[in-house]
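Enquirer: next input, structure requested:
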Amino acid sequence: MDDNHMIKHIVNIQNSEIEAHEIACEGKIRQAVLAALFSEAVDKQCVVNILITDDKGIKTYNRDYRKIDSATDVLSFPMQVFKKAGWGGILNAEFDEATGDLPLGDIIISMESIERQAKEYGNSIEYESAYLIIHSILHLLGYDHDSEDNEKTMHENGKSIMKGLSFDT
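Expert: Purely as a prediction, here's the structure:
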């Protein structure tokens, strides 16, 4: 077993007024985070914080942090700086002095958007939540879709990780 299998990444999931189907999604969300970190060969114990909210909640964060007064499906807030996309591109990692863990970043996801998009695209709620979380983890690892090439790379990486979760895209 390689060292990457020995790392115990920390995934903190909080939710507001959670419903039964959201609890079911938590397992898939956690699995998606770990699959993305493994796929990117992240070899330091990382912490990822995830808030599951609704459209109203995510609209507030989007307005306060991005100055966009509308709801969105997911927001990613990286806590590390990358020279290039991917784990190999991390610059001057800033570890938590108390725990030694690497805070990778925060993700806010709207369950309302997940439900709406799952229905629109003919996906399960679990699929849609995993897809958006993987997309967000890639953002936390320095990926972006600011150009056609970068968007293609991000899409291909996400597609590969989803296949590893037994989802075909």
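
Enquirer: which SSE is immediately downstream of the helix or strand bottoming out on mean pLDDT in the chain?
Expert: For the chain, the helix or strand with the lowest mean confidence is helix 3-6, at a mean of 52 (criterion: mean pLDDT, DSSP states H and E). Of the helices and strands lying after helix 3-6 in sequence (DSSP states H and E), the nearest is strand 10-15.

Enquirer: within its sheet, name the partner strands of that next one and how each one runs.
Expert: Looking at strand 10-15 with DSSP bridges, its partner strands are strand 46-53 (parallel).

Enquirer: for the partner strand, what is the average pLDDT?
Expert: Computed over strand 46-53, the mean pLDDT rounds to 94.

Enquirer: buried residues, that strand. List them.
Expert: For strand 46-53, burial by neighbour count (16 or more other C-beta atoms under 10 Å) applies to Cys46, Val47, Val48, Asn49, Ile50, Leu51, Ile52, Thr53. The way it works is simple: take the backbone N, C-alpha and C, and place the C-beta from them, glycine included.

Enquirer: same thing with stretch 97-115?
Expert: Buried residues in stretch 97-115, defined by neighbour count with 16+ other C-beta under 10 Å: 102-115.

Enquirer: what is the rounded mean pLDDT of that stretch?
Expert: Mean predicted confidence for stretch 97-115 is 94.

Enquirer: CA atoms only: put that stretch into PDB for me.
Expert: What follows is stretch 97-115, C-alpha atoms only, in PDB (Å, rounded to 0.1, in the frame of the first residue of the first chain):
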ATOM      1  CA  GLU A  97       0.300  25.100  13.600                       C
ATOM      2  CA  ALA A  98      -1.900  23.400  16.200                       C
ATOM      3  CA  THR A  99      -2.700  20.300  14.200                       C
ATOM      4  CA  GLY A 100      -0.200  20.100  11.500                       C
ATOM      5  CA  ASP A 101      -3.000  19.600   9.000                       C
ATOM      6  CA  LEU A 102      -3.200  21.500   5.700                       C
ATOM      7  CA  PRO A 103      -6.400  23.600   5.500                       C
ATOM      8  CA  LEU A 104      -7.200  23.200   1.800                       C
ATOM      9  CA  GLY A 105     -10.400  25.300   1.700                       C
ATOM     10  CA  ASP A 106     -14.100  25.700   2.100                       C
ATOM     11  CA  ILE A 107     -17.000  24.700  -0.100                       C
ATOM     12  CA  ILE A 108     -20.500  25.900   0.100                       C
ATOM     13  CA  ILE A 109     -23.100  23.900  -1.900                       C
ATOM     14  CA  SER A 110     -26.800  24.500  -2.400                       C
ATOM     15  CA  MET A 111     -29.000  21.400  -2.100                       C
ATOM     16  CA  GLU A 112     -31.800  23.200  -3.900                       C
ATOM     17  CA  SER A 113     -29.500  23.700  -6.900                       C
ATOM     18  CA  ILE A 114     -28.300  20.100  -6.700                       C
ATOM     19  CA  GLU A 115     -31.900  18.900  -6.800                       C
END
